[in-house]
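Undergrad: dropping the sequence and predicted coords here.
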Amino acid sequence: MALPATIYRVSIQLSNVDKNCYETLATTAARHPSETDQRLISRLIAYALCYEENIAFTRGVSVSEEPDLWVKSYDDRIHKWIEVGLPDPKRLVKAGHHSEKVVLFAYGSSIDRWLANGRAQLAAIDNLQVFHLSNELIASLLAKLKRSVDWQLTCSDNILYFTVGGDNIVATLVELDLK
């Protein structure tokens with residue numbers, strides 16, 4: 001018998017000064033049994049930072065042809081393809097052909113090796129933007145993870161200010177130079 005997904009109720013008070021986006025986000029996120037908590041945290045950060053009308057979690061790890069999140073237009077075209085982790089660069093090349101914009105939130109201890117091995121392919125994707133989520137940020141949010149996620153997130157000049165359970169977490173969102 002397959003294990004069921006774990007459901008998280010998510011509430012994020014978002015103040016993204018960089019994008020002039022001020023919203024109260026309320027959603028649910030399902031963590032597949034094979035998904036790590038670190039990956040879930042990364043998907044939630046990506047959801048908040050890429051938030052716009054029509055953003056949605058996909059079936060993710062269950063369906064290899066879909067990104068972790070996407071923003072679709074009303075005629076069902078993929079406007080924004082959003083991934084987390086360190087996917088195969090070929091996957092991002094393909095995504096670049098099927099969407100207007102590709103955004104990756106990269107994290108993990110092998111990011112330097114991944115970047116060194118895939119830099120040429122990644123640099124050729126004109127509509128790709130890659131951000132690095134630090135291990136410290138993910139670990140700090142992971143320590144506060146509950147089934148009911150309640151964050152206050154302010155983003156200003158690519159500095160992330162989280163308030164979680166009365167604690168403040170500050171991190172820099174670094175965009176990686178692929179050229």
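TA: Alright, I've got the coordinates.
Undergrad: adjacent strands (with direction) for the host helix or strand of Cys155?
TA: Taking DSSP states H and E as the definition, Cys155 sits inside strand 148-156. Looking at strand 148-156 with DSSP bridges, its partner strands are strand 6-16 (parallel), strand 159-164 (antiparallel).
Undergrad: to Arg31, which of the ones you listed lies closest?
TA: Closest of those to Arg31 is strand 6-16, at 4.5 Å (criterion: Cβ to Cβ). (C-beta placed from N, C-alpha, C; glycine too.)
Undergrad: now the terminal residues of stretch 140-160, how far apart.
TA: In stretch 140-160, first residue to last residue: 13 Å (Cα to Cα, to the nearest Å).
Undergrad: actually stretch 147-164, sorry about that
TA: First-to-last residue span, stretch 147-164, Cα to Cα: 13 Å.
Undergrad: let me know the pLDDT of Arg39.
TA: At Arg39, the pLDDT value in this model is 95.
Undergrad: so where does it fall, helix or strand?
TA: Using DSSP H and E, Arg39 sits within helix 37-49.
Undergrad: where in this protein is pLDDT low?
TA: Across the chain, the ranges flagged by pLDDT under 70 are 1-2, 60-63.
Undergrad: center of this protein - which residue?
TA: Ala46 (2.6 Å; Cα atoms, centre = their mean).
Undergrad: name the nearest residue to it, ignoring sequence neighbours.
TA: Take Ala46 and drop its neighbours on the chain: the residue closest to it by Cβ to Cβ, 6 or more residues apart in numbering is Phe105, 4.7 Å away.
Undergrad: residues near that neighbour, how many?
TA: 23 (other Cβ atoms under 10 Å).
Undergrad: ok so it is a helix residue?
TA: No - using DSSP: H, G, I helix; E, B strand; the rest coil, the assignment for Phe105 is strand, not a helix.
Undergrad: from Val84, how far off is it?
TA: For Phe105, the distance to Val84 equals 5 Å [Cβ to Cβ, to the nearest Å].
Undergrad: what is in contact with the two at once?
TA: Jointly contacting Phe105 and Val84 under the rule Cβ atoms under 8 Å, 6 or more residues apart in numbering are 42, 46, 133.
Undergrad: tell me the contacts of the last one?
TA: For Leu133, the set of contacting residues under the criterion of Cβ under 8 Å, 6+ apart consists of 42, 45, 84, 105-107, 171, 173.
Undergrad: let's see that with 10 Å instead.
TA: Residues counted as contacts of Leu133 (Cβ atoms under 10 Å, 6 or more residues apart in numbering) are 38, 41-42, 45-46, 49, 84-85, 105-108, 111, 141, 160, 171, 173-174.
Undergrad: picking up where we left off before, to Glu23, which of the strands paired with strand 148-156 lies closest?
TA: The nearest among the strands paired with strand 148-156, by Cβ to Cβ, is strand 6-16 at 4.9 Å.
Undergrad: since that was my last question, I'll sign off now.
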